[in-house]
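Curious how this folds, go ahead:
(one chain, ligands or ions: 1)
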Amino acid sequence: MAQKFKTSEDWLNFDRDHLWHPYTSMIEPLPCYGVVAADKVYLELEDGRKLVDGTASWWSALHGYNHPVLNQALLEQSQKMSHVMFGGIAHQPASELGKRLLDMTPNVFDYVFLADSGSISIEVALKMALQYWQSREEPNKNKFLTVRGGYHGDPFTCMSVGDPENGSHHMFQSVIAKHFHVARPQTEFYAQWDDADIEPFKTAIAENHQQLAAVIIEPIVQGAGGMHFYHAEYLRQMRKLCDQYGVLLIFDEIATGFGRTGKLFAMEHADITPDIMCIGKALTGGMMTLAATITTKNVAMTISGGATPILMHGPTFMANPLACAVASASLDLLMQKADTKSGHEFIWQSNVARLETGLQQLHDIEAHKAVADVRVLGGIGVVEMREPVNVGKLQASLVAKGVWVRPFGKLIYVMPPYIMSEDELKTLCNAIIDTINELY
Ligand SMILES: Cc1ncc(COP(=O)(O)O)c(C=O)c1O
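You can find the predicted model right below:
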């Protein structure tokens, strides 16, 4: 490739002047750090510094970066077929992946739609729910019910079921479809369940079920909407109420799937299953974009037996063979059995247990006056501050200490690659603690 830029400063300047980053302004954007390589749990900056990555690139790089098995899967598939349309064409990488997904999810599921990003898998899930009721000749069941504090992606339909008061929802009020939102679950994951918690949801579903196609929720962990860990009983009661009132249940496991909360899927904490589930992010081990919407025979057959018997979705890059091949390789890595002495069935379980133990160190900063709460679940560690943080300042301090974390709002949170060692976890937690002590 002929290079247009001679120095890193050149391409960094071009980036600052012309490329839009997530949620940024083009006038005085926050500084971006130039990354030239990533290996295991380290990001390498253009100036040679190496940072311990606490984000796994937004929950995705489970096995760390530059994994030889994933690289090899990508290389081998690229030499056979990088992409073909999925319309009227089948290919082995998609079947290999579909089979793995159905094998590793509860056996209520039978059908897989391979989408090209998490948000699109949500769009597909919502569409499935609407088409389900259209096929049953109940077209008035065309609204969704959800809880506040949710996040399901940035496209308009995803925003419509996300938190109604966060920035983006508020900005697009006039075009966002109106659905039903109730208070977020209040009882925390480890707290004693309080039956009053389900009341707002119970009332909303009782009053509106005739209009409701589905309920959608992130099970156990509300991610971008506040890194909130709530009680599994909420989900159990939600499942019962959805059955009682004839409303489909959609779980968004895009962030929580593949072991992040300590269970392979977060729904296992509640021991229930939804009618439709979405997965993404870690599906390819962070190598490339791919997601899936998975559903039951009942949903698929009902849609397919309706007046319009086709599921109305078909992105150009759905089931991309490269992404499917890498995803299968990543899932095979994930499902590797552990040494029997470890006390765990799978290696990922020992890894996530190590993360959970290492991240407990964040509790050392709990008593600080600027800190509202510290919480840890599986491979997720959160320091919630009392006030929104200055991201630029905080990041500069963390980078100077050799770690990469991307705070937002009041939250300094991490979800490291599963391979992170105890020492690297210490580096990560110490950097967060020292930064808070220095800046507040
Ligand atoms: C729970 C949840 N749902 C959906 C999405 C959207 O996924 P994507 O960014 O791949 O479109 C995200 C992304 O952060 C998410 O955390």
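
Please settle this for me: is Leu114 part of a strand?
Yes: assigned with DSSP: H, G, I helix; E, B strand; the rest coil, Leu114 falls within a strand.

tell me the contacts of it?
86, 94, 97-98, 290-292, 318-319, 324 (CB atoms under 8 Å, 6 or more residues apart in numbering). To be clear about C-beta, it is placed using only N, CA and C from the backbone, and glycine gets the same treatment.

Helices of the stretch 101-250 of the chain, start to end?
All helices of the stretch 101-250 of the chain, identified by DSSP state H, counting those that start in this stretch, fall at 118-135, 156-160, 167-171, 199-208, 232-245.

Serialize those to TSV and add fields for distance to the ligand, mean neighbour count and mean pLDDT.
Below are the helices of the stretch 101-250 of the chain laid out as TSV (distance: least, CB to the nearest ligand atom, whole Å; neighbours: other CB atoms under 10 Å; pLDDT from 0 to 100):
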stretch	distance to the ligand	mean neighbour count	mean pLDDT
helix 118-135	2	24	98
helix 156-160	7	20	95
helix 167-171	13	13	77
helix 199-208	19	16	98
helix 232-245	15	19	98
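
what does the chain have sitting close to the ligand?
With the criterion set to CB under 6 Å from any ligand atom, the chain comes near the ligand through 117-119, 122, 151-153, 218, 223-224, 252, 254-255, 280.

ok, so what distance separates the one residue in the stretch 301-440 of the chain that gets nearest to the ligand from His169?
Closest contact between the stretch 301-440 of the chain and the ligand, by CB to the nearest ligand atom, is at Met415 (10.6 Å). Separation of Met415 from His169 (CB to CB, to the nearest Å): 24 Å.

what do you get for Gln336?
In terms of CB to CB, Gln336 sits 41 Å off from His169.

Equivalent analysis for Cys242, please.
Distance, Cys242 to His169, by CB to CB: 24 Å.

Show me how the chain divides into domains.
Domain ranges of the chain: 33-66+343-439, 70-334, per automatic domain parsing.

and the end-to-end length of the longest one?
Using CA to CA, to the nearest Å, one end of domain 70-334 lies 12 Å from the other.

Likewise for the shortest one?
Distances were taken as CA to CA; on that basis the terminal residues of domain 33-66+343-439 are 21 Å apart.

Any stretches of the stretch 51-200 of the chain with poor pLDDT?
167 (pLDDT under 70).

coming back round to it: using TSV, lay out the domains of the chain together with distance to Trp20.
Listed next are the domains of the chain as TSV, based on distance: least, CB to CB, whole Å:
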stretch	distance to Trp20
domain 33-66+343-439	16
domain 70-334	13
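
who wins for proximity to Ser8 among those?
For the domains of the chain, proximity to Ser8 was assessed by CB to CB; domain 33-66+343-439 is nearest, at 3.8 Å.

middle-most residue in the chain, spatially?
Ala255 (1.9 Å; CA atoms, centre = their mean).

Tell me if that one really is in a helix.
No: read with three-state DSSP, Ala255 is coil and lies in no helix.

quick one: contacts for it?
59, 218, 221, 223-224, 281.

State the phi and psi torsions of it.
phi -90, psi -30 (degrees, to the nearest 10).

change the start of the numbering to 42 and stick with it
OK, 42 is where the count begins now, so the last one is Ala296.

Looks like Arg280 contacts Asp312 (just checking).
No: contact criterion CB atoms under 8 Å: Arg280 and Asp312 do not qualify, at 9.7 Å.

quick one on the thing from earlier: if I look at the residue nearest to the centre of the chain, how far off is Leu143?
Applying CB to CB, the value for Ala296 to Leu143 is 21 Å.

about what we covered before: quick one: which of the contacts of Leu155 sit in helices?
135, 138-139, 365 (DSSP state H).

out of those, who's nearest Leu276?
Nearest member of the ones in helices among the contacts of Leu155 to Leu276, counting by CB to CB, is Gly139, at 25.9 Å.

and that closest one, how many neighbours does it have?
By the criterion of other CB atoms under 10 Å, Gly139 has 19 neighbours.

which ones are touching it?
153, 155.

coming back round to it: could you report the pLDDT at the residue nearest to the centre of the chain?
On the pLDDT scale, Ala296 is placed at 98.

what's the neighbour count on the nearest residue to Ile477 once chain neighbours are set aside?
Closest residue to Ile477 apart from its sequence neighbours, by CB to CB, 6 or more residues apart in numbering: Ile406 at 5.4 Å. Ile406 has 20 neighbours, counted by other CB under 10 Å.

Check His354 too.
Neighbourhood size, His354 [other CB under 10 Å]: 16.

ok, now which ones touch Gly422?
With CB under 8 Å, 6+ apart, Gly422 has these contacts: 396, 400, 403, 415-416, 454-456, 470.

do Trp389 as well
Counted by CB under 8 Å, 6+ apart, Trp389 has contacts 103, 299-300, 375-377, 459.

Of those residues, keep whichever come out buried.
103, 299-300, 375-376, 459 (16 or more other CB atoms under 10 Å).

Those residues: which two are farthest apart?
Maximum pairwise distance among the buried ones among the contacts of Trp389 (CB to CB): 12.7 Å, between Met376 and Tyr459.

now the end-to-end length of stretch 199-215.
Separation of the first and last residues of stretch 199-215 by CA to CA is 15 Å.

sec struct for Trp389, please.
Recorded secondary structure, Trp389: helix (three-state DSSP).

How about it, nearest residue that isn't a chain neighbour?
Among residues not flanking Trp389 along the chain, Gly300 sits closest, at 4.6 Å (CB to CB, 6+ apart).

can I assume the one you found is in contact with Trp100?
No: look at Gly300 against Trp100 with CB under 8 Å: they stay out of range, at 11.0 Å.

So which of the contacts of Ala296 belong to strands?
Among the contacts of Ala296, the residues falling in strands (DSSP state E) are Val262.

Now do the strands for the stretch 92-241 of the chain: every range, in order, please.
150-156, 184-188, 221-223 (DSSP state E, counting those that start in this stretch).

Now distance to Gln44 too, for these, in TSV please.
Output for the strands of the stretch 92-241 of the chain, formatted as TSV (distance: least, CB to CB, whole Å):
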stretch	distance to Gln44
strand 150-156	34
strand 184-188	47
strand 221-223	49
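
Can you tell me which of those strands is most buried?
Most buried of the strands of the stretch 92-241 of the chain, by mean neighbour count (mean count of other CB atoms under 10 Å): strand 184-188, with a mean of 24.

Nothing else from me, thank you.
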